[in-house]
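Student: Got a predicted structure here, sequence first:
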Amino acid sequence: MKIIELNQYLKVLMKVCKRNGLCIAFLALSLGFQSCEKRFGKTLVSDWDSYAETPEESTLISSDQLNEFSTDELIQYLKIHEKAHWANAAENEILKSLELSGENAEVLELISDFYLTRGSLEEALKYNTEAENNGASSTEFYKKRARIYADLGQYGLAVDYINKAVMINGNDPDIYLTKGEVYMKLGDSTSALQYKEQAFRNDSSRQDIAADLAYLYASTKQHENAHHFADLLIANGYNVSEMNELKVEVLRKELKFQEANRLLKKMLDSGQVEAGIALIDYFEKQSEYDSTIFYAMQVLDKDSLNMRALEAKAFSFDHKGYFTSSLMYYNQMLAIDSLNEEAREGIRKVNGKIAYLRKLRERREAIPTFDFASPRKETN
């Protein structure tokens, strides 16, 4: 944000906050703070940049208060809402700002963003087009217009506007990121990867782009690269759980099942119950019921009411022939959820097996037995 824009931004905040009794000192501090830049590309670094974001808060003001704002103040006021993702913005207030601004192009862009955030794509396109007709032609404008067209499924137009943004500022990583997303929707993963790699080259401090690349490398079977980015992100504490899950997925694609299971066990030990469920699913599918029971017990140690773990124990004991134990766990499921269909069906099947085995035993017992004496040998 330019210095003059920052001054206007804070001026509007002061005006709003004085009338609404809000404190903004913390907001000014957050706007002024950024951590030191640490990049990595071909060279590894210990961590990435983390940027302080403005609080996602905004406030509504009356029409009379809006009437007192200049066009610049209206723009900065709408930007406050934009930074809060339009959480508290009212449509009538937004349109009132447009009326007061006299069809200002920047206000039209912001109103378009308001509707885009709410998923009203036709309205977003309408105001974005009006902004273009009133002279909007910035990189941010073209990026937003490209996103609208992409969400509408008009990918050719989306690419056209992305290319216009590139002509203005080819160093903006988000342009290439958006272009990569468009090509992903077109099913062209090769081009998508090319543009996302360009986005990362333009700003290798962006962890979100690195994560996108990790997933894209995994989906295109570039397993080594997927592991590389996932490991870097894990080392820097970025979405550790999701990155570990990605590594498990990649390891299984590589048929490295034991390594995948070791990682899942490590995740379970750290308290991630979902990792335990993944182990249960794996061993149950392999009909390795002892391992299934073991990991179900591990999950239940962390979540005693976990229905999937209870079902896994009941199912496994059933297949091992321990019907009493199986019924015990199915009944525990019903104690938690009396209408649980899996438990009811499981009990029906186990009781059916018990009845069948009882009948077999009764039939065996009903078969008469004969004691034939061996013929005696005659002696002289």
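Tutor: Structure's in. What do you need?

Student: how far out from the middle of the chain is stretch 281-290?
Tutor: 28 Å (C-alpha atoms, centre = their mean, to the nearest Å).

Student: what about the stretch 101-250 of the chain, any weak spots by pLDDT?
Tutor: For the stretch 101-250 of the chain, no stretch has pLDDT under 70.

Student: contacting residues for the spatially most central residue of the chain?
Tutor: When C-alpha atoms, centre = their mean is applied to the chain, the residue found nearest the centroid is Glu242 (8.1 Å). With contact set as C-beta atoms under 8 Å, 6 or more residues apart in numbering, Glu242 has these partners: Ala211. C-beta: built from backbone N, CA, C; applies to glycine.

Student: ok, it to Ile94 distance?
Tutor: Counting by C-beta to C-beta, to the nearest Å, the gap between Glu242 and Ile94 amounts to 35 Å.

Student: could you give the mean pLDDT of the longest helix along the chain?
Tutor: Looking across the chain with DSSP state H, the single longest helix is helix 341-366. The average pLDDT within helix 341-366 is 91.

Student: tell me which residues in that helix are buried?
Tutor: Neighbour-count burial for helix 341-366 flags 342-343, 346-347, 350 (criterion: 16 or more other C-beta atoms under 10 Å).

Student: who touches the closest residue to Ala165 other than its chain neighbours in this structure?
Tutor: In space, and not counting its chain neighbours, Ala165 is closest to Tyr142: 3.8 Å by C-beta to C-beta, 6 or more residues apart in numbering. The contact partners of Tyr142, taken as C-beta under 8 Å, 6+ apart, are 161-162, 164-165, 168.

Student: Filter these down to just the buried residues.
Tutor: 161-162, 164-165.

Student: Those in helices, which ones?
Tutor: 161-162, 164-165.

Student: hmm, back to that, with distance to Lys285 as extra columns, can I get the buried residues of helix 341-366 in CSV?
Tutor: Shown next, in CSV, are those (distance: C-beta to C-beta, whole Å):
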residue, distance to Lys285
Glu342, 16
Ala343, 20
Gly346, 17
Ile347, 23
Val350, 21
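
Student: what's the most distant pair in those residues?
Tutor: Glu342 and Val350 (12.3 Å; C-beta to C-beta).

Student: Output stretch 197-207 in PDB with nothing but the alpha carbons.
Tutor: The C-alpha coordinates for stretch 197-207 follow below in PDB (Å, rounded to 0.1, in the frame of the first residue of the first chain):
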ATOM      1  CA  GLU A 197       6.400 -23.100 -11.300                       C
ATOM      2  CA  GLN A 198       6.700 -19.700 -12.900                       C
ATOM      3  CA  ALA A 199       4.700 -18.200 -10.000                       C
ATOM      4  CA  PHE A 200       7.100 -19.900  -7.500                       C
ATOM      5  CA  ARG A 201      10.200 -18.600  -9.400                       C
ATOM      6  CA  ASN A 202       8.700 -15.100  -9.200                       C
ATOM      7  CA  ASP A 203       8.300 -15.400  -5.400                       C
ATOM      8  CA  SER A 204       9.900 -18.400  -3.800                       C
ATOM      9  CA  SER A 205       8.900 -17.200  -0.300                       C
ATOM     10  CA  ARG A 206       5.300 -18.100  -1.000                       C
ATOM     11  CA  GLN A 207       4.400 -21.200   1.000                       C
END
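
Student: List the buried residues in it.
Tutor: Quick answer for stretch 197-207 (16+ other C-beta under 10 Å): 197-200, 202-207.

Student: what about Ser138, how many residues close to it?
Tutor: Neighbour count of Ser138, defined by other C-beta atoms under 10 Å: 16.

Student: Tell me how far it lies from Tyr215.
Tutor: On the measure of C-beta to C-beta, Ser138 and Tyr215 end up 30 Å apart.

Student: what do you get for Phe141?
Tutor: 29 Å.

Student: More neighbours: these two, which one.
Tutor: Higher neighbour count among Phe141 and Tyr215: Phe141, with 23 against 18, using other C-beta under 10 Å.

Student: That one: which element?
Tutor: Assignment of secondary structure by DSSP states H and E places Phe141 within helix 139-151.

Student: pull the CA atoms of that helix into CSV?
Tutor: What follows is helix 139-151, C-alpha atoms only, in CSV (Å, rounded to 0.1, in the frame of the first residue of the first chain):
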residue,chain,number,x,y,z
THR,A,139,-3.0,-5.6,-12.9
GLU,A,140,-5.3,-6.3,-10.0
PHE,A,141,-8.3,-5.4,-12.2
TYR,A,142,-7.3,-7.9,-14.9
LYS,A,143,-6.6,-10.6,-12.3
LYS,A,144,-10.1,-10.2,-10.8
ARG,A,145,-11.7,-10.2,-14.2
ALA,A,146,-9.8,-13.3,-15.2
ARG,A,147,-10.9,-15.0,-12.0
ILE,A,148,-14.6,-14.1,-12.7
TYR,A,149,-14.4,-15.6,-16.2
ALA,A,150,-12.6,-18.7,-14.9
ASP,A,151,-15.3,-19.2,-12.3
